[in-house]
Structure formats: structure tokens, C-alpha cells
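Trainee: A structural model of the following input is requested.
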Amino acid sequence: MIKRFFNYYVSSDKELVKKLKNVLGFTPSNLNLYKIAFSHKSMTNRVGVNGISNERLEYLGDSILSAVVAEYLFCKYPKENEGFLTKMRSKIVKRNTLNKIADEMQLDLLLSHFVETKVSSTMKGNALEALVGAIYVEQGYNATKNFIIKHILIRHLDMPTLESLEDNHKSKLLEHCQKVGSDVEFKLLSKYKRDKRDRFKVAVHINGKQLAVAEDFNKKAAEQKASSIAIQHIVQ
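Mentor: Down below sits the predicted model:
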């Protein structure tokens, strides 16, 4: 309690703490933990983060988020089968969804304290997972579960819309090509650095012909984008 009071009213980081409270719903005690959660690997030489990036917290948060979402869906849809639950979980924890939620939570306002380059959507999504990891380390599982349900699932997701959303473009493309007897191949055209991060450029070839090209900071995301473009060509 004393530490939280100090962080909120006395600390030189009190403005950062107030922004954190708006997101978390509580005043953090271990402030350095949350500083790390918003420290991208490209900026770990900045004062205050001790050379530590948010990657470890991101890894932890990803696991906790997936577990909480799985339990939440299991309880919310008692009559649905494993396939439905798996697809719903995938839609929620996928990179694009987390990026969108992080944007709505305005995590860029916190990232801007530690990132001098342009804050990308992927940075925001990764920071959201790292934030979940930080809450877990400081508050434990039950508090983290409550935060995920209240501040992420209920506040930022429309479950009926997600139920009807078909967003696995790669799977859809593969199913279509299998049905009509076409060969599909995904080729990595290049891997390069942008803003000190890996960037992947992927092409979709159908029956040996290049049909679509897309790129993203994640190879799987690039394949999904390319598949979406390829499907549009096929439909036309």
C-alpha cells in the first residue's frame, strides 16, 4: 500500500503511473516490472529498463492469456464442441485481434515512454501480452484472470460477431484448392529488417503460378494476408 501511494503521488514516474492505473484499474507496486512490459527489444539500452526487453513477459502473458480465454470459453459455451472452442480461442488470441485491442486500450501512450521509433500495431499487441505477464507476476493468477475477463474480453470483444467471423484465409484457400485439385505452395520471398524488427515477404503459388504477395512482421500473418488476396483472385 505504501509503495503504491509513493508511486502514484511522490515518484518521479507518477505521470506514467497514472496512465498505468487508467489501463490496469489499480496502482502498480512493482513499477519496474511494468516498465519492462513496455520496453521493446530495440530500445533496451534506455535508462530505467536495465537492458531487459518485454520478450520474457510477453512469453508468459501469451500462455496466461490463452489459458484464461480457454477457461472463459469453456464456461460460456457449455454445449459447444472442442472444434468450436478452439476456433474461438484462436480468433481471440491471434495477433490481429490483440493488436486491435491494444490499440483501443491506447497502449501506444505507454509504449511512447520507451520506444523512439514509430509504434507499430505488432508492438502494441506484444505489449498487451507482456502487460498480462507483468500483472501475473505481481498480482497472481486470479487477479490476472479478472483483468483479462473484465478489461479485455468483456470490454473489447463482441462474441456474437466473433462466432460468425471466418478469418482463417489460409485454411479456406487450402480447402478450396483441395476441392478443385489445385496445388498450393507458400514461398518465403525475403526476410529483412524494418524498424530493427524482422519483416517477412511471402508469395502464394497455385499450380506453379504466383497469385499473391504479402508481407508482415510475422510469417504466419504474412501467409494469411497473401491467402486473403489469393482468394479474391480466385473468386473473380
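
Trainee: going forward, measure contacts between C-alpha atoms and count neighbours the same way
Mentor: Noted.

Trainee: and the nearest residue to Thr27 once chain neighbours are set aside, helix, strand or coil?
Mentor: Spatial nearest neighbour of Thr27, excluding adjacent residues (C-alpha to C-alpha, 6 or more residues apart in numbering): Lys21 at 5.1 Å. Following DSSP: H, G, I helix; E, B strand; the rest coil, the label given to Lys21 is helix.

Trainee: so Lys21 makes contact with Pro28?
Mentor: Yes: Lys21 is in contact with Pro28 according to C-alpha atoms under 8 Å; the separation is 7.3 Å.

Trainee: more neighbours, those two?
Mentor: Residue environment comparison for Lys21 versus Pro28 gives the larger neighbour count to Pro28, 24 against 14, counting by other C-alpha atoms under 10 Å.

Trainee: mean confidence for the longest helix along the chain?
Mentor: Looking across the chain with DSSP state H, the single longest helix is helix 55-76. What helix 55-76 shows for mean pLDDT is 96.

Trainee: could you say what helices and strands it packs with?
Mentor: Secondary structure elements in contact with helix 55-76, counted by 3 or more C-alpha pairs under 8 Å, 6 or more residues apart in numbering; DSSP states H and E, are helix 82-93, helix 121-139.

Trainee: and the next helix or strand past the longest one?
Mentor: If I follow you right, that is helix 121-139. Once helix 121-139 ends, the next helix or strand along the chain (criterion: DSSP states H and E) is helix 141-147.

Trainee: one step back: for the longest helix of the chain, which positions count as buried?
Mentor: 55, 57-58, 60-62, 64-66, 68-70, 72-74 (16 or more other C-alpha atoms under 10 Å).

Trainee: next one: stretch 87-104
Mentor: Of the residues in stretch 87-104, those with enough neighbours to count as buried (16+ other C-alpha under 10 Å) are 88-93, 95, 97-103.

Trainee: what about that stretch, start to end distance?
Mentor: Across its full length, stretch 87-104 reaches 23 Å end to end, with C-alpha to C-alpha, to the nearest Å as the criterion.
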